[in-house]
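Student: Got a sequence here, can you model it:
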Amino acid sequence: LGTRISTENKGDTRPAQLIKVADGVFQVHYFRTEQKIYHLTNQTDREKVIYVEHPLRKDWKLDEGTQRPETVNETVYRFRVVLKPFEKVSLPVVEKQGLMDSYGLKNVTRDQLELFIKRGYIDTVTRTMLEKLIDLRQQINRVGQQIAALDSEVQAISTDQARLRQNIESLAKTPEAKSLIARYIAKAGEQETRLEEMEKERKSITAEKEKLEAELALAIRTFEIT
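Tutor: As a prediction, the model looks like this:
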């Protein structure tokens, strides 16, 4: 009685508190904060003692700047506020929740890199290291596409050779088709030469891919933020 109480809510996300790399994962640790302000007004000429009960939530902690509660139980913080006659007092209760965003170094994108730069997560050295990882992965992807294209061409030639064999078998019974059979055989010979070339090319590209993958793995394994 004789006391007016109102509340005000605010929320915010604080800048990153810790940036680190663990097991190939880029981790950004920060806090989400929520503030509830209790506005208390004593409308009488007598001193009053008010107890404000604020819910206690799992994974949330009181911020260091918040007034210490007089008591704490399993469900609430209980704050003691003394109001002098006609005094107005604000009790801000600030809570913080520790959060973490994680990004696999093997899959970091340029968009994410730009986000890290914008938010001030990384310095120039770390930026250069991340750019190297991105470049290596892009090279691996390009080489992988080349291997896939070779495999696709091999499959197409194999299908065409099966068709040529069927045609040659059918034409073998007709003497007048000798010239056409010779053409089919010549084409099959050309395809065999191309298959041999592609096998050599595939081995070379596969070796390059394995080298790049090893380089990427080493860069991730030795990635450190100082």
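
Student: can you give me the helices for this structure?
Tutor: With DSSP state H as the criterion, the chain has helices at 110-118, 124-171, 178-221.

Student: Including mean neighbour count, mean pLDDT and distance to residue 98, could the ones you listed go into JSON lines?
Tutor: Every C-beta, even on glycine, is put in place using the N, C-alpha and C of the backbone. Shown next, in JSON lines, are those (neighbours: other C-beta atoms under 10 Å; pLDDT from 0 to 100; distance: least, C-beta to C-beta, whole Å):
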{"stretch": "helix 110-118", "mean neighbour count": "13", "mean pLDDT": "92", "distance to residue 98": "20"}
{"stretch": "helix 124-171", "mean neighbour count": "14", "mean pLDDT": "88", "distance to residue 98": "22"}
{"stretch": "helix 178-221", "mean neighbour count": "13", "mean pLDDT": "86", "distance to residue 98": "26"}
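
Student: out of these, which comes closest to residue 25?
Tutor: Of all the helices of the chain, it is helix 178-221 that lies closest to residue 25, at 9.6 Å by C-beta to C-beta.

Student: so what does the closest one touch, helix or strand wise?
Tutor: helix 124-171 (3 or more C-beta pairs under 8 Å, 6 or more residues apart in numbering; DSSP states H and E).

Student: Now do the helix it packs on against helix 110-118, angle only.
Tutor: 180 degrees (axes from the mean of the first three to the mean of the last three C-alpha atoms, to 10 degrees).

Student: same for helix 124-171, what does it pack against?
Tutor: Judged by 3+ C-beta pairs under 8 Å, 6+ apart, helix 124-171 is in contact with helix 110-118, helix 178-221.

Student: again, only using 6 Å
Tutor: Judged by 3 or more C-beta pairs under 6 Å, 6 or more residues apart in numbering; DSSP states H and E, the packing partners of helix 124-171 are helix 178-221.

Student: tell me the angle of the helix it packs on relative to helix 124-171?
Tutor: Angle between the axes of helix 178-221 and helix 124-171 is 160 degrees (criterion: the same axes, to 10 degrees).

Student: quick one: helix 178-221 to chain centroid distance?
Tutor: 35 Å (C-alpha atoms, centre = their mean, to the nearest Å).

Student: Then stretch 144-159?
Tutor: Taking C-alpha atoms, centre = their mean, one finds the center of stretch 144-159 at 32 Å from the center of the full chain.

Student: which residues sit against that stretch?
Tutor: 191, 198, 202, 205 (C-beta atoms under 6 Å, 6 or more residues apart in numbering).

Student: which of the residues you listed sit farthest apart?
Tutor: Greatest spacing in the contacts of stretch 144-159, by C-beta to C-beta: 191 and 205 (20.0 Å).

Student: can you put the contacts of stretch 144-159 in TSV and add distance to residue 11?
Tutor: Converted to TSV, the contacts of stretch 144-159 look like this (distance: C-beta to C-beta, whole Å):
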residue	distance to residue 11
191	67
198	60
202	56
205	52
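
Student: Quickly name whichever of these is closest to residue 124.
Tutor: Nearest to residue 124 among the contacts of stretch 144-159 is residue 205, at 33.9 Å by C-beta to C-beta.
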